[in-house]
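Peer 1: Structure for this input, please:
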Amino acid sequence: MRLICTFILVVFLDQCTKIVVQEYMKLHDSIPILGDFLKLTFIKNPGAAFGIMIGNRWFFLAMSILACGVMIYYFTRLPVRETWGRFALTLIFGGAIGNLIDRILYGEVTDFIDVGLNTYRWPIFNIADMAVSIGVILLFIRLSTTNQTIPDESSSTKQEGIVHREDRPA
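Peer 2: Down below sits the predicted model:
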């Protein structure tokens, strides 16, 4: 239930903030929040993350749908006890759906969070992008801290039915 609430919260916050920006700002308007460091700057992004253009609207729509399908596939394969992995995928999925809604409705994604100093600025992003980024970081941390054991190489050379000395109970 928590994961469903997390998913709904990500999509809801993403879509609500985009609607507020579209209603109260003109395209390319910029409002300082914390001086030059954090601003709200309304842009439309027809491309992929960070404005990368490698195809058209239909390409990005298809890739978004494919990515959502892959996330659902992996989510269903994770054990229920794998809470951090499932939480990370929920954030990624919520963000992907948030941006997919924009692509379906408008053909492009609304971005508005503008962070940086002077001319050194991060590409403008949105709540969905934040959820995806946080989810990817959590997933990376989870995967890098998982104790995965490598099967003992000698076990593949053992003959069936023969008990080796190291296999006998002590």
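Peer 1: which element is residue 141 on?
Peer 2: Assigned by DSSP states H and E, residue 141 belongs to helix 127-145.
Peer 1: Residue 88 too?
Peer 2: Using DSSP H and E, residue 88 falls in helix 83-106.
Peer 1: Pull out the buried residues from that helix.
Peer 2: Going by neighbour count (16 or more other C-beta atoms under 10 Å), the buried part of helix 83-106 is 85-103. Quick note: C-beta positions are derived from backbone N, CA and C, even for glycine.
Peer 1: again, but for stretch 106-117
Peer 2: Residues 108, 109, 110, 111, 112, 113, 114, 115 are the ones in stretch 106-117 that count as buried (16+ other C-beta under 10 Å).
Peer 1: Give me the number of neighbouring residues for the residue lying closest to the first one once chain neighbours are set aside.
Peer 2: In other words, residue 108. Spatial nearest neighbour of residue 108, chain neighbours left out: residue 46 (4.2 Å); criterion: C-beta to C-beta, 6 or more residues apart in numbering. Residues within reach of residue 46, counting by other C-beta atoms under 10 Å, total 14.
Peer 1: Run through the protein and note the low-pLDDT ranges.
Peer 2: Scanning the chain for pLDDT under 70 picks out 47-57, 147-170.
Peer 1: And the strands in it?
Peer 2: Secondary structure of the chain (DSSP state E): strands at 30-34, 38-45, 109-117, 120-121.
Peer 1: closest one to residue 7 among those?
Peer 2: Of all these, strand 109-117 sits nearest to residue 7, with 18.5 Å by C-beta to C-beta.
Peer 1: what packs against that closest one?
Peer 2: Packing partners of strand 109-117 (3 or more C-beta pairs under 8 Å, 6 or more residues apart in numbering; DSSP states H and E): helix 2-24, strand 38-45, helix 83-106, helix 127-145.
Peer 1: Give me the angle between the longest one and helix 127-145.
Peer 2: With axes from the mean of the first three to the mean of the last three C-alpha atoms, to 10 degrees defining the directions, helix 83-106 sits at 150 degrees from helix 127-145.
Peer 1: No further questions, thank you.
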